[in-house]
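K.L.:
this is a predicted model, with the sequence first.
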Amino acid sequence: MTNAVSFSSVSRHFGTVRAVDDVDLSIAEGEFFAMLGPSGSGKTTCLRLIAGFEQPTSGHIEIFGTKVENVPPYRRNVNTVFQDYALFPHMNIIDNVAYGLMIQGMGKAERHKAANEALELVALPGYGDRRPGQLSGGQRQRVALARALVNKPRVLLLDEPLGALDLKLREQMQEELKTLQRKLGITFVFVTHDQGEALSMADRVAVFNNGKIQQVGSPQDIYQRPQSRFVADFVGSSNVLEPAFVKQLTGKDACASLRPEAIRFVQSDGHLATVTGSSYLGGTTRVGLALGDMRINALIPADQAVPENGTKVQISWQENELHLMEDAQ
Ligand code: ATP
């Protein structure tokens, strides 16, 4: 099957900054693909390279099997939803949504029909006469989405589109976006620095650091089987167990990641640890532990008794919860 997007050894340098550094990547048609990483790791630059707002310093990009070096943004069958929505404040909603079609020369009746269909798709029918200033943040976000969908792109690029929304609305929109993507079958490439957002929405996640992809995989792969310390640290709140300890347990010379929720308190046959603190988080409690020289966290259900600071406890975990990391820098 042809990939929707593929990168072969793509780099984009700005002076001495390697914003994107020798990236290979393929995104399948119909996939919901998340680019996850800290600020400055190169996610947005990758998105802009796909959109055609940037050109690679070296390497090649293909969209549906066609090399796009010489294809301008408006001919790539790709649209972008930006975090700040970029709506025109003086235009009503219908004209905002239909703007791209107007530029393409489509007649008024036809483009308004398409815009109304797009507004229905994002659950905003009947809002066409309002101006952006008369809508809530969540509604403006939907208008931006409708505008990007109106000309039926094959790939939709979303750059932190939910960043400006409060938590509750963000969670609601995460579900809506996912449902919409399934319904339309369009390839979505979604940029976020929020690991929860990436894990909950995407079919696959690429974790970026310093312009490079550290790991690509399903949310389960990324969360449960991080291949590097960076991924273990960035995705969730994994404990990293040091090689000396791991060697005693497994005989192997490697670091290992262990998720806080995998740690159980047991009565016997566990590893001896000392409680260093605890934080009530609502549904769960995080318990800080000293395990030899290491500081680790356990996550326990909030209704479970929390041992006092300084208490010696025994902890245990299932053997398959420990994931060795060969790349342990
Ligand atoms: P954020 O989440 O903050 O948007 P990001 O992961 O999307 O971060 P990029 O915006 O891709 O990161 O930036 C990657 C690096 O490239 C950063 O160091 C940034 O300062 C640099 N950079 C990006 N665009 C330019 C530019 N036009 N000129 C110079 N440097 C740039």
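P.N.:
That came through, no problem.

K.L.:
for this structure, which residues are neighbours of the ligand?
P.N.:
Within the chain, the residues that sit near the ligand (C-beta under 6 Å from any ligand atom) are 14, 17, 19, 37, 39-45, 193. In short, each C-beta sits where N, CA and C put it, glycine included.

K.L.:
just the buried residues of the residues you listed.
P.N.:
19, 37, 41-45, 193 (16 or more other C-beta atoms under 10 Å).

K.L.:
mind checking which of the residues you listed land in strands?
P.N.:
residue 19 (DSSP state E).

K.L.:
of the buried ones among the residues of the chain next to the ligand, which is the nearest to residue 87?
P.N.:
Closest approach between those and residue 87, by C-beta to C-beta: residue 44, at 19.7 Å.

K.L.:
take the residues of the chain next to the ligand and keep only those in helices.
P.N.:
Judged by DSSP state H, the subset of these located in helices is 43-45.

K.L.:
adding distance to residue 143, write those residues out as TSV.
P.N.:
Below are these laid out as TSV (distance: C-beta to C-beta, whole Å):
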residue	distance to residue 143
43	24
44	22
45	26
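
K.L.:
in the helix or strand where residue 314 lies, what counts as buried?
P.N.:
In this assignment (DSSP states H and E), residue 314 forms part of strand 312-316. By 16+ other C-beta under 10 Å, the buried positions in strand 312-316 come out as 313, 315-316.

K.L.:
any idea which of these is closest to the ligand?
P.N.:
Of all those, the ligand sits closest to residue 315, with 36.0 Å by C-beta to the nearest ligand atom.

K.L.:
please give me every residue in contact with the closest one.
P.N.:
Going by C-beta atoms under 8 Å, 6 or more residues apart in numbering, residue 315 touches 263-266, 270-271, 273, 289, 291, 298.

K.L.:
where do the helices sit along this protein?
P.N.:
Going by DSSP H, the chain shows helices at 43-51, 93-103, 108-121, 137-149, 167-184, 195-201, 219-224, 229-234, 243-250.

K.L.:
for the fifth one, what is the average pLDDT?
P.N.:
Per-region confidence: helix 167-184 scores 89 on mean pLDDT.

K.L.:
now do the buried residues in that helix.
P.N.:
169-170, 173-174, 176-178, 180-181.

K.L.:
taking the stretch 101-250 of the chain, what residue is nearest to the ligand?
P.N.:
Closest point on the stretch 101-250 of the chain to the ligand, by C-beta to the nearest ligand atom, is residue 193, at 5.1 Å.

K.L.:
now do the contacts for that residue.
P.N.:
Counted by C-beta under 8 Å, 6+ apart, residue 193 has contacts 36-39, 43, 160.

K.L.:
repeat that for 6 Å
P.N.:
Taking C-beta atoms under 6 Å, 6 or more residues apart in numbering, we find residue 193 in contact with no residue.

K.L.:
quick check: phi and psi on it?
P.N.:
The phi/psi pair for residue 193 (degrees, to the nearest 10) reads phi -110, psi 10.

K.L.:
ok, back up a step: out of the helices of the chain, which comes closest to residue 213?
P.N.:
Short answer: helix 43-51, nearest of those by C-beta to C-beta, at 9.1 Å.

K.L.:
run through who's touching the closest one.
P.N.:
5, 12, 19-20, 35, 37, 54, 73, 78, 80, 157, 159, 191, 208.

K.L.:
in CSV, list the C-alpha atoms belonging to that helix.
P.N.:
Extracted in CSV, the C-alpha atoms of helix 43-51 (Å, rounded to 0.1, in the frame of the first residue of the first chain):
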residue,chain,number,x,y,z
LYS,A,43,7.6,18.4,15.5
THR,A,44,6.2,21.6,14.0
THR,A,45,9.0,21.8,11.5
CYS,A,46,8.1,18.2,10.3
LEU,A,47,4.5,19.3,9.9
ARG,A,48,5.6,22.4,7.9
LEU,A,49,7.7,20.2,5.7
ILE,A,50,4.7,18.0,4.9
ALA,A,51,2.5,21.1,4.3
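
K.L.:
show the pLDDT at residue 329.
P.N.:
For residue 329, pLDDT reads 49.
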